[in-house]
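A.B. asks: Okay, here's the prediction I keep looking at, along with the sequence it came from:
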Amino acid sequence: MDPQRRHADDVDDVPLLEVRHLCTSFPRRSGVLARITDWVRAVDDVSFTIREGETLGLVGESGCGKTTVGRTLLRLIRPSGGDVLFRGRSVFDRSRKQMQRLRREMQIIFQDPAGSLNPRLRVGTIVGEPLLVHGFARGRNLRARVDDLLRRCGLWRGAADRYPHEFSGGQRQRIAIARAIALRPKLIICDEPTSALDVSIQSQILNLLQDLQEEFGMAYLFISHDMAVIYHMCDRIAVMCDGRIVELAQRDRLIDNPTHEYTRRLLAAVPELALSRAPRSAPAPADG
């Protein structure tokens, strides 16, 4: 085989993101001096991969450690063991400057849009900040890029001049999504992006995320406690319980033939209609 062709094949085989035996622990303090008396392992030996353009769902009940996984991947929380590789390079071994460059490739959408948007800044400043910090746009070009991002996310012309409190919950989440896609990242961690929204607005945000994924080819780590949402969004599903992944499989295989008792309990809690073979992208009315 031609050496150059072999090298290209090797590169293609490297996952976009590879998580190897990830562990994250938090100290438990007690006494008047609040000394550390024990450690709570929130994430315990978690491993998985995500390929370019893929959506991996991470599902489990509240407190199982799935949000901690997402934040540890981005080094927002310090790990206590294991490694995370982005395109074959460790995330945890990178310098501050290298991490800043990596932020262009990895972004996050938080659960609460109101809490993740600075109420003192106009929407245009919030969405444009990543472009400005990383030197992608300035001046009129910056404003044009911001207006385009807001339009792609279903917001009207002039939204950039308003403050976050002037928008509904669904509209604020659209602003957060616009900020997350500003740098055209390869991976977005979606941390319960619809759980704080009304059901009718949830479908709009999910459809928006799917449309943006098709347009830009991004990969998602989609974190949720809602198995029905995970089913409609994801290619593969990882089930998490007490800090560990207890089952990981292709979506339809896991839904049709779960092997772990905890997975079966999660599925039993979802109405059968929610897991019907409906199209994954159903049209929804616009925000009201």
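C.D. replies: Alright, I've got the coordinates.

A.B. asks: how many neighbours does the residue lying closest to P113 once chain neighbours are set aside have?
C.D. replies: Leaving aside its chain neighbours, P113 sits nearest to R172 (3.7 Å; criterion: CB to CB, 6 or more residues apart in numbering). Glycine gets a C-beta too; all of them are placed from N, C-alpha and C. Neighbourhood size, R172 [other CB atoms under 10 Å]: 22.

A.B. asks: Kindly report the same for L33.
C.D. replies: The burial count for L33: 6, using other CB under 10 Å.

A.B. asks: separation between the residue nearest to P113 and P271?
C.D. replies: Computed as CB to CB, to the nearest Å, the R172 to P271 distance reads 29 Å.

A.B. asks: Also L155?
C.D. replies: Distance from L155 to P271, by CB to CB: 33 Å.

A.B. asks: Look at these two and report which has more neighbours.
C.D. replies: Counted by other CB under 10 Å, L155 and P271 do not tie: L155 has more neighbours, with 21 against 8.

A.B. asks: tell me the SS of that one?
C.D. replies: Judged by DSSP: H, G, I helix; E, B strand; the rest coil, the three-state class of L155 is coil.

A.B. asks: Dig out what F86 forms beta bridges with.
C.D. replies: L17, R89 (DSSP bridges).

A.B. asks: and it, how many neighbours does it have?
C.D. replies: Neighbours of F86 (other CB under 10 Å): 19.

A.B. asks: And for M218?
C.D. replies: M218: 22 neighbours (other CB under 10 Å).

A.B. asks: before we move on, what about V229?
C.D. replies: 22.

A.B. asks: so which helix or strand takes in D83?
C.D. replies: Here D83 sits within strand 81-86, counting by DSSP states H and E.

A.B. asks: Show me which residues of that strand are buried.
C.D. replies: G82, V84, L85, F86 (16 or more other CB atoms under 10 Å).

A.B. asks: Report all helices and strands that that strand contacts.
C.D. replies: Applying 3 or more CB pairs under 8 Å, 6 or more residues apart in numbering; DSSP states H and E, we find strand 81-86 packed against strand 17-30, strand 35-50.

A.B. asks: Now render these as TSV, adding mean pLDDT, mean neighbour count and distance to R264.
C.D. replies: Shown next, in TSV, are the helices and strands packed on strand 81-86 (pLDDT from 0 to 100; neighbours: other CB atoms under 10 Å; distance: least, CB to CB, whole Å):
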stretch	mean pLDDT	mean neighbour count	distance to R264
strand 17-30	94	16	25
strand 35-50	93	16	21
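
A.B. asks: Out of these, which gets nearest to L131?
C.D. replies: Ranking the helices and strands packed on strand 81-86 by proximity to L131 (CB to CB) places strand 17-30 first, at 23.8 Å.

A.B. asks: What angle do strand 35-50 and the closest one make with each other?
C.D. replies: Angle, strand 17-30 to strand 35-50, by axes from the mean of the first three to the mean of the last three CA atoms, to 10 degrees: 170 degrees.

A.B. asks: distance between strand 17-30 and the chain's centre?
C.D. replies: Relative to the chain's own centre, strand 17-30 is displaced by 18 Å; criterion: CA atoms, centre = their mean, to the nearest Å.

A.B. asks: Run through who's touching it.
C.D. replies: 35-50, 65, 68-69, 72-73, 77-86, 88, 187, 219, 221 (CB atoms under 8 Å, 6 or more residues apart in numbering).

A.B. asks: All good on my end, thank you.
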